[in-house]
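Asks: sequence-free structure coming up:
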């Protein structure tokens, strides 16, 4: 992959940065998401190179402390709403988009949005955003309850995969007493009438 199309670093340089910022499991996950994103992009019409790149870097801030994630977000002048502030699990995605832009030199808005919304999703996602969102949720090493079902469903129908995935995430957040956040709520609303046929 020629990452210089999307950033100021080669693929090897980006991988070296990622390895310095995350543990081995997280790095393996990043490689799996990149691979899965290519598969879904080719199947559903997103740019496979962009998908692979966005998948590779999507968790670039996941391995750093939450306090640092918040600092990156605040230093970029990004305001977080109350629900997002109360949901530290979302911070790495927002910080990741900032880091990708300022440190990796990414200028492609679709790639930055794919990183930004890979955890929460949002309403009216682009095909690339959808692909990275589901590649993250269904990457090879994922083994949460229903992971295999969600993976197989996504392989057959991207929208049904998203509908099932976001409903599962919303239910999990509810069980844990965590807010869904406006972006996940918007995605839930958009997909509320999608019927799961499998």
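Replies: Done, it's in. What you are looking at is a predicted structure, and each value in this text was computed from that prediction instead of being measured. Numbering: from 1, shown residues only.
Asks: Return the set of buried residues in the helix-or-strand element of the chain with minimal mean pLDDT.
Replies: In the chain, the helix or strand scored least confidently by mean pLDDT, DSSP states H and E is helix 82-85, which has a mean of 90. By neighbour count on 16 or more other C-beta atoms under 10 Å, the buried set for helix 82-85 is 83, 84. Heads up, the C-betas are built off the backbone N, CA and C, glycines and all.
Asks: which residues are contacting the following helix or strand past that helix?
Replies: Once helix 82-85 ends, the next helix or strand along the chain (criterion: DSSP states H and E) is helix 91-102. Contacting residues not belonging to helix 91-102 are listed as 7, 57-62, 64, 66, 68-70, 72-73, 75-76, 78, 80, 84, 106-107, 111-113, 115-120 [C-beta atoms under 8 Å, 6 or more residues apart in numbering].
Asks: out of those residues, which are buried?
Replies: Buried members of these, counted by 16+ other C-beta under 10 Å: 7, 57-62, 64, 69-70, 72-73, 80, 84, 106, 111-113, 115-120.
Asks: Can you list which of those are found in helices?
Replies: Members of those lying in helices (criterion: DSSP state H): 57, 69, 70, 72, 73, 84, 111, 112, 113, 115, 116.
Asks: For the fourth one, give me its contacts.
Replies: Pointing back at residue 72 there. Contacts of residue 72 (C-beta under 8 Å, 6+ apart): 61, 95, 98, 99.
Asks: Give me the distance between it and residue 61.
Replies: Counting by C-beta to C-beta, to the nearest Å, the separation of residue 72 from residue 61 is 7 Å.
Asks: The fifth one too?
Replies: Here residue 73 is placed at a distance of 9 Å from residue 61 (C-beta to C-beta).
Asks: same deal with the third one?
Replies: Spatial separation of residue 70 from residue 61 under the definition C-beta to C-beta is 10 Å.
Asks: same check, this time on the last one
Replies: In this structure, residue 116 lies at 11 Å from residue 61, with C-beta to C-beta as the measure.
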